[in-house]
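*Asks:* Sequence isn't available, so here's the structure alone:
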């Protein structure tokens, strides 16, 4: 049987910090990334793609703000914004990928799923929200919005004296349609799912699904999905070719092979930044500890060379 891989596309696969984010730029970025994923397909892999949505959902939220302030258009909640971003980004990835497969004469169906992910409304993350979203506000504006909308704000290090809304990032519990994703992916369909970590929902006392104001970590959601569909490998694509300790220091060291125990040791030592590599390492370790064969963290451009990238396994000799 073909191997099944879950591939989590990093933020720079779609939008890059030095770009305005035009649709032309996003298409080119997506194409550059997917060219390398096509290589895995040629090797016989079945593929499930996941992706981030940070810049895109941020833009949707700011359009929400502007629409309310300028035209009185009712704002949509964060779960709807995430759903909007899933649909838009999924469409972009699917369209670009269809064109690439046509060029390569590869015949595969592609299906984009708007994916709900269940979280616990009592998750400790809701008591200490840390994920910044939306525009910058001064203190007076932030206090007014806290009172009006019950939002929470924190001052930003990037712009001292300015504040941004913060929301929780709860741990994903379960992912809808995972059995269907597993079946059709193993049959050869390329599935795009769990965009932006998934649409956060919880179950109320009646068992009904309710949207909640939160964002879910894309890499951990990808890890949970990979576990539940019993994928063989989890790829987490980022903007560096390897995992490093003592990053950007004279004693920087490349970690090409790493077992779960050592990875957790380095996490406890604080070797990986919480806003960058640490969530990726946790997701990768979580996958191999729950039965996955291997996690690979690398740049998308390195996929054609199987010797590149950092490989995390349960035990490495």
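*Replies:* That came in fine, so what should we check first? Computed from a predicted structure; not experimentally measured. Numbers count the residues shown, from 1 in each chain.
*Asks:* Wait, residue 56 touches residue 15, no?
*Replies:* Yes: judged on Cβ atoms under 8 Å, residue 56 makes contact with residue 15 at a distance of 7.0 Å. Yep, even glycine has a C-beta here, placed from its N, CA and C like the rest.
*Asks:* Would you mind telling me which of those two has the busier surroundings?
*Replies:* residue 56 (25 against 22; other Cβ atoms under 10 Å).
*Asks:* what about the closest residue to the more buried one other than its chain neighbours, which helix or strand?
*Replies:* Excluding the flanking residues, the one nearest residue 56 by Cβ to Cβ, 6 or more residues apart in numbering is residue 85, at 4.6 Å. Secondary structure from DSSP states H and E places residue 85 in helix 78-103.
*Asks:* Distance of the residue nearest in space to the middle of the chain relative to residue 193?
*Replies:* The centroid of the chain falls nearest to residue 218 when counting by Cα atoms, centre = their mean (2.6 Å). Computed as Cβ to Cβ, to the nearest Å, the residue 218 to residue 193 distance reads 11 Å.
*Asks:* returning to that earlier point: could you pull out the buried residues of whichever helix or strand comes after the helix holding residue 85?
*Replies:* Once the chain leaves helix 78-103, the next helix or strand it forms, by DSSP H and E, is strand 110-112. Buried residues in strand 110-112, counting neighbours by 16 or more other Cβ atoms under 10 Å, are found at 110, 112.
*Asks:* Who are the packing partners of strand 110-112?
*Replies:* Judged by 3 or more Cβ pairs under 8 Å, 6 or more residues apart in numbering; DSSP states H and E, the packing partners of strand 110-112 are helix 78-103, strand 190-192.
*Asks:* outside of that strand, which residues touch it?
*Replies:* With contact meaning Cβ atoms under 8 Å, 6 or more residues apart in numbering, strand 110-112 is reached by 86-87, 90-91, 93-94, 97-98, 101, 184, 189-193.
*Asks:* ranking those by neighbours, who comes first?
*Replies:* Neighbour max across the contacts of strand 110-112 (other Cβ under 10 Å) = residue 193, 29 neighbours.
*Asks:* Which parts of the stretch 101-250 of the chain are strands?
*Replies:* 110-112, 116-118, 131-137, 152-155, 163-167, 174-175, 190-192, 199-203, 209-211, 233-238, 243-245 (DSSP state E, counting those that start in this stretch).
*Asks:* thinking again about what came up before, between residue 218 and residue 193, which contacts overlap?
*Replies:* Joint contacts of residue 218 and residue 193 (Cβ under 8 Å, 6+ apart) are residue 50.
*Asks:* ok, residue 37 touching residue 48?
*Replies:* No: in this structure residue 37 lies outside contact range of residue 48 using Cβ under 8 Å: 11.1 Å.
*Asks:* Which one's more surrounded, these two?
*Replies:* A direct count of neighbours by other Cβ under 10 Å for residue 37 and residue 48 places residue 48 higher, at 27 against 24.
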